[in-house]
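> Just need the structure, nothing else, for what follows:
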Amino acid sequence: AYPIPTYAGDTAVDAQLINWGWYRPTPAAAAQVLLQGPSRVLVPHAFAEGPPPEAWRSELHAALAPWPLEVRDLVEKTLATGRVVPHPVHEVEPGRLARGRIALVGDVAHQASPITGAGARMAMSDALTLASALGAEREVAPALARYASERSPAAAAVVASGQQAGRRFARLD
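Numbers count the residues shown, from 1 in each chain. This next block holds a predicted model:
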């Protein structure tokens with residue numbers, strides 16, 4: 001948990017919002033899976049802004065039980081405001097990064113969980129690898145194929161590391 005500015009950008013201590021995270025995986029039966037080639041996007045079920053459903057509240061209280069009282073109080077006070085906004089985490093495994101004369105880079109090509117802290121780094125690595133491939137090849141299509149073959153394994157590894165880290169924080173039953 002950490003303080004963040006208000007939506008209007010106010011950073012005064014008494015005006016700041018609190019951001020905290022709870023890893024609650026979506027059961028496979030409840031997830032919508034969108035498939036296109038080897039890529040996959042899991043779109044978790046989420047509640048709208050406001051208090052979470054009572055069943056989730058019970059789960060959250062159970063998850064918080066081992067935490068210090070100050071943490072449990074912070075979460076409870078946040079829930080009491082009724083202004084909880086869920087932020088589902090979407091993870092996209094890299095599929096086809098290039099086809100013909102078109103290449104995908106950054107989040108449009110792959111998305112790792114924010115827990116990896118790698119989004120900007122992955123996009124910059126994509127751009128640098130693409131520029132290098134375009135400089136090394138005479139034709140665009142082979143350059144894009146080279147880019148894709150170099151970046152796909154690295155991007156897949158970062159997405160997998162985020163999924164592995166998430167499993168440390170959440171039950172997957």
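> Show me the shaky parts of the chain.
Residue ranges of the chain with pLDDT under 70: 23-53, 85-88, 169-173.
> What distance do you get for the residue lying farthest from the centre of it to G21?
Ranked by distance from the centre of the chain (CA atoms, centre = their mean), the top residue is R138, with 36.5 Å. Computed as CB to CB, to the nearest Å, the R138 to G21 distance reads 48 Å. The C-beta positions use only the backbone N, C-alpha and C, and glycine is treated the same way.
> sorry, back to before: quick one: what helix or strand has the residue farthest from the centre of the chain in it?
If you go by DSSP states H and E, R138 is not part of any helix or strand.
> Give me the distance between it and R146.
Noted for R138: a distance of 12 Å to R146, by CB to CB.
> list residues touching both of the two?
Here R138 and R146 have no joint contacts, going by CB atoms under 8 Å, 6 or more residues apart in numbering.
> returning to what we had before: spit out the contact partners of the residue farthest from the centre of the chain.
By CB under 8 Å, 6+ apart, the contact set of R138 is empty.
> can you check V140 too?
101, 134.
> Swap in 10 Å and give it another go.
98, 100-103, 133-134 (CB atoms under 10 Å, 6 or more residues apart in numbering).
> Could you do Q111 as well?
Listed by CB under 10 Å, 6+ apart, the contact partners of Q111 are 41, 89-94, 119, 122, 155, 158-159, 162.
> let's see 7 Å
Listed by CB atoms under 7 Å, 6 or more residues apart in numbering, the contact partners of Q111 are 90-92.
> Ramachandran coordinates for it?
Backbone geometry at Q111, expressed as degrees, to the nearest 10, gives phi -140, psi 120.
> Look up the residues forming beta bridges with it.
Beta-bridge partners recorded for Q111 (DSSP bridges): V92.
> so how far is M122 from it?
Distance from Q111 to M122, by CB to CB: 9 Å.
> Buried residues of the strand or helix carrying W56, list them for me.
Under the criterion DSSP H and E, the helix or strand holding W56 is helix 54-64. For helix 54-64, burial by neighbour count (16 or more other CB atoms under 10 Å) applies to 56, 60, 63-64.
> Now do the contacts for the residue nearest to the spatial centre of the chain.
In the chain, the centroid-proximal residue (CA atoms, centre = their mean) is S113; its distance is 3.0 Å. S113 is in contact with 89, 91, 162-163, 165-166, counting by CB under 7 Å, 6+ apart.
> Now render the buried residues of helix 54-64 as a markdown table, adding distance to V71.
Shown next, in a markdown table, are the buried residues of helix 54-64 (distance: CB to CB, whole Å):
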| residue | distance to V71 |
| --- | --- |
| W56 | 17 |
| L60 | 12 |
| A63 | 11 |
| L64 | 7 |
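> Look through this structure and tell me its longest helix.
Using DSSP state H to define each element, the chain has its longest helix at helix 140-169.
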